[in-house]
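J.: Provided below for reference: sequence and predicted model.
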Amino acid sequence: MPKPALRRVMAATAAAAGVLALGVTDATAHATTTLDYVALGDSYSAGSGVLPVDPTNLLCLRSTANYPHVIADATGARLKDVTCGAAQTSHFTQAQYPGVAPQVNALSAGTDLVTLTIGGNDNSTFINAITACGSAGVLSGGKGSPCKDKHGTSFDDQIENNTYPALKAALRAVMEAAPNARVAALGYPWITPAAADPSCFVKLPIAAGDVPYLRGIQAHLNDVVERAAEETGAAFVDFAGVSEGHDACQAPGTRWIEPLLFGHSLVPVHPNALGERRMAEHTMDALGLG
């Protein structure tokens with residue numbers, strides 16, 4: 001082969017090898033990219049009541065088996081978990097306890113993924129509604145709708161007028177602190193069934209007519225979480241369908257939420273270990289994480 005032709009062949013071969021090597025390097029780098037994942041939120045994110053407890057911050061009653069840890073283990077993500085039991089939307093930008101920084105402080109331009117549940121503690125919605133309806137249920141012997149009769153639209157009014165704008169402000173703060181991240185706001189899995197189950201009264205003493213009332217309050221809360229997510233550019237992970245039939249009235253091994261009484265968790269009316277795993281799995285499915 002003439003020398004000029006030989007040189008052209010050798011140059012082309014070297015170039016092709018270089019392109020191939022670059023492709024392999026890029027593919028390898030892509031395959032080994034680790035997500036920087038920050039978990040925010042309240043006790044449903046923290047897995048409060050699920051063992052084992054994270055010993056690094058006992059005030060927040062955070063579990064190392066919560067849904068953020070399940071997601072991180074499944075995806076190989078680098079997790080920074082600042083979830084905290086009893087957190088409200090205000091605690092995204094304000095300290096919840098001395099020594100517990102505002103949750104958005106954990107975010108940066110390098111954050112790739114953010115998940116959160118928040119809003120249920122604003123106005124003490126969850127605890128006030130459960131306590132009020134549980135007390136009324138006991139006093140009425142499970143008859144009628146004493147909680148609805150007394151409180152009417154008060155819980156819904158607080159959710160719409162206070163929680164909804166607070167959620168939008170909190171999500172905007174997250175977007176500002178993590179401008180390159182994919183942000184997912186999770187709904188809350190069902191606490192009560194759609195209709196009263198007489199056999200459940202001993203575990204969840206809600207009057208028959210107040211079971212749908214309480215569920216309606218939770219549905220409204222999930223609705224404002226969804227609206228706030230849509231209006232701020234976050235993804236919403238809906239649990240209305242997948243958590244049906246896994247409420248606090250179901251048997252152990254089926255329920256995702258522990259009942260108010262005679263449950264198997266340190267914190268009642270919260271997800272158990274199964275619930276946290278299912279929340280993780282559904283979130284990964286919804287976001288296309290593998």
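T.: Noted; the coordinates are in hand.

J.: from now on I want contacts and neighbour counts done on CA atoms only, so please keep to that.
T.: OK.

J.: chain center to stretch 199-217, what's the gap?
T.: Stretch 199-217 sits 24 Å away from the centroid of its parent chain (C-alpha atoms, centre = their mean, to the nearest Å).

J.: buried ones in that stretch?
T.: The neighbour-count check on stretch 199-217 (16 or more other C-alpha atoms under 10 Å) flags 200-201, 204-215, 217 as buried.

J.: same question, stretch 71-85
T.: Of the residues in stretch 71-85, Ile71, Ala72, Gly76, Ala77, Arg78, Leu79, Lys80, Asp81, Val82, Thr83, Cys84, Gly85 count as buried by neighbour count, 16+ other C-alpha under 10 Å.

J.: and the pLDDT for the second one?
T.: According to the predicted model, the pLDDT of Ala72 comes to 98.

J.: tell me what whichever strand or helix holds it is packed against?
T.: Element membership for Ala72, per DSSP states H and E: helix 67-75. Helix 67-75 sits against helix 43-46, strand 78-81, helix 273-287, with contacts defined as 3 or more C-alpha pairs under 8 Å, 6 or more residues apart in numbering; DSSP states H and E.

J.: so what does the longest one touch, helix or strand wise?
T.: Helices and strands touching helix 273-287, as assessed by 3+ C-alpha pairs under 8 Å, 6+ apart, comprise helix 67-75, strand 235-237.

J.: nearest to Lys148, out of these?
T.: Lys148 lies closest to strand 235-237 among those, at 28.6 Å (C-alpha to C-alpha).

J.: you'd agree Pro193 is up against Arg215?
T.: Yes: under the criterion of C-alpha atoms under 8 Å, Pro193 makes contact with Arg215 at 7.5 Å.

J.: in this structure, which spans are strands?
T.: 36-39, 78-81, 113-116, 182-186, 235-237 (DSSP state E).

J.: tell me the mean pLDDT for the last one?
T.: Put plainly, it is strand 235-237. Here strand 235-237 scores 98 as its mean pLDDT.

J.: tell me the contacts of Tyr213?
T.: By C-alpha atoms under 8 Å, 6 or more residues apart in numbering, Tyr213 lies in contact with Lys148.

J.: what about it, distance to Thr93?
T.: 32 Å (C-alpha to C-alpha, to the nearest Å).

J.: below-threshold pLDDT in the protein: ranges please.
T.: Scanning the chain with the threshold set as pLDDT under 70 gives 1-32.

J.: show me where this structure has its helices.
T.: 3-31, 43-46, 67-75, 125-140, 146-151, 154-158, 164-177, 210-232, 273-287 (DSSP state H).

J.: now render the ones you listed as TSV, adding distance to Thr111.
T.: Formatted as TSV, those follow (distance: least, C-alpha to C-alpha, whole Å):
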stretch	distance to Thr111
helix 3-31	17
helix 43-46	18
helix 67-75	14
helix 125-140	30
helix 146-151	42
helix 154-158	33
helix 164-177	9
helix 210-232	17
helix 273-287	16
